[in-house]
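Student: Here is my input, please return the structure:
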Amino acid sequence: MNPVPNPDFRAGLAALIGRTNAGKSTLINALVDAKVAIVSPKPQTTRHAVQGVVHRPEGQIVFVDTPGFFKTTRSHLVDRLHGRARAALAGIDVVIHVADPSRAMGEEDAMVLEVLAPITIPKILCLTKLDIPDLKFREPWLELAADYHATIELSALTGRNVDTLVDAVLPLMPPGPALYEAGDQTNAHRDFRVTEIIREKIYLLTGDEVPYRTAVQLDHIRERNEKQAGDFLHVKAIVLVAEDRYKGMLIGAGGRKIKEIGIAARPDVETLLGQKIYLELAVRVDARLPD
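Tutor: I've put the predicted structure just below:
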C-alpha cells in the first residue's frame, strides 16, 4: 500500500544570488552537508546553476547555486555566466540574496540589487561570514532589511545559523510533493562533479597565471584491468587550456604542477565515488574555449 501523502508537506526552489565570492557555494555545501559546489577565490568559479537538496520531515528545499555577478572587462564567458544567474530565477519560489558584509558595497552589489528590484516573490537577505569578528560593512546591509522578507546572519564555515536559514525558507515553499527522492543531494551528475573537483584544485593551486576559462573533461571512470594491482577505479580527465603557454604552466617542471593538482583532487574524488582511485590527468590545448 502506498503511503498517504502529507497534505502539509512543502517543496520548492530557493535561488542563491549575489556578487562573486560572496559565499554562495560555501553556503550551499553547508546547507546540504556535502560538497556539491566547488569553492575557490577566483571570480565566477561557479559556472552552472547547481542544485543542493535539503530534506526535512515537513518539507524539501532545493537550493540553486548561481554564478556570481562580477564587474570586469566584458567577455562572452562573463556575459553568459551573468545570463545563467538571471535565468536561474525563473520558476523560483524564494530568492536568497547572499551578501558579504566584510567587503564594502560596490558595483557588483549594485548589479545584484538591480536584478532583485522587480522581483515580487519572497526575498531573504543572508549576510555571510559571521565567523569574522569585525564585519566593517554590516550596518549598510542591515539598513536594507526592510526590503526583504527576513534577514539572517550566518557562518557557512562554522555552521552557525545555517539551520535558521532553512527554518526561514521552508514555510515559504509551496505545498506539494517532494521534487527529489529521499537521500538525493544534488542534480549534478557524478561525472560533472568529478570534473568540477579537478577544476577547483586547478584554481586553488595556480592562482592568476592560468585563466579561469580553463575547462576539464572526463575521459573515463572504470575498473582497473586485472594486470593492475589493488581495488582502485581508474579515473582519467583532460584539462583544456586555450594556449600552449598555459599547458606548460599546468604541467610544470618535470610534471610537478599537474601531479600536485592530482594529489589535491584525489581525496575529494574518492569521497564522492566511495572508492580508492588512480587519477590520471592530461593537458591539451583547445583554442575554441570561450573568451
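Student: what about stretch 270-277, start to end distance?
Tutor: 6 Å (CA to CA, to the nearest Å).
Student: Now do the buried residues in it.
Tutor: 270, 272, 277 (16 or more other CB atoms under 10 Å). (Glycine included, C-beta is placed from N, CA and C.)
Student: which ones are touching the nearest residue to residue 93 once chain neighbours are set aside?
Tutor: In space, residue 93 comes closest to residue 12 once its chain neighbours are excluded; the distance is 3.7 Å by CB to CB, 6 or more residues apart in numbering. Going by CB atoms under 8 Å, 6 or more residues apart in numbering, residue 12 touches 61, 62, 93, 94, 172, 173, 174, 176, 179.
Student: Residue 10 now?
Tutor: Per CB under 8 Å, 6+ apart, neighbours of residue 10: 58, 59, 60, 170, 171, 173, 174, 175, 176.
Student: How about it: which residues does it bridge to?
Tutor: Residue 10 forms beta bridges with residue 59, residue 175, as assigned by DSSP bridges.
Student: go on, residue 239?
Tutor: The partner residues for residue 239, given DSSP bridges, come to residue 216, residue 283.
Student: cool, and residue 65?
Tutor: As for beta bridges, residue 65 partners with residue 16 under DSSP bridges.
Student: That one touches residue 51, doesn't it?
Tutor: Yes. Assessed by CB atoms under 8 Å, residue 65 is found in contact with residue 51 at 7.4 Å.
Student: Who has more neighbours out of the two?
Tutor: Taking other CB atoms under 10 Å, residue 65 and residue 51 do not tie; residue 65 has more neighbours (29 against 24).
Student: confidence score at the more buried one?
Tutor: Predicted confidence (pLDDT) for residue 65: 83.
Student: Check the one 3 residues further on too.
Tutor: The confidence metric pLDDT takes the value 56 at residue 68.
Student: just the one 5 residues further on next, same as before
Tutor: pLDDT recorded at residue 73 is 45.
Student: re the thing from before, and the buried residues of stretch 270-277 as a markdown table, adding secondary structure?
Tutor: Shown next, in a markdown table, are those (DSSP: H, G, I helix; E, B strand; the rest coil):
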| residue | secondary structure |
| --- | --- |
| 270 | helix |
| 272 | helix |
| 277 | strand |
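Student: Pull out the buried residues from the contacts of residue 10.
Tutor: Among those, those classed as buried by 16+ other CB under 10 Å are 59, 60, 170, 173.
Student: check contacts around the last one.
Tutor: If I follow you right, that is residue 173. 10, 11, 12, 14, 59, 60, 61, 93, 94.
Student: rewinding a little: which of the contacts of residue 12 sits closest to residue 247?
Tutor: Nearest to residue 247 among the contacts of residue 12: residue 62, at 38.6 Å, using CB to CB.
Student: picking that back up, now the contacts of residue 12 as CSV including secondary structure?
Tutor: CSV is the format used below for the contacts of residue 12 (three-state DSSP):
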residue, secondary structure
61, strand
62, strand
93, coil
94, strand
172, helix
173, coil
174, coil
176, coil
179, coil
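Student: which one of these sits closest to residue 166?
Tutor: residue 61 (6.6 Å).
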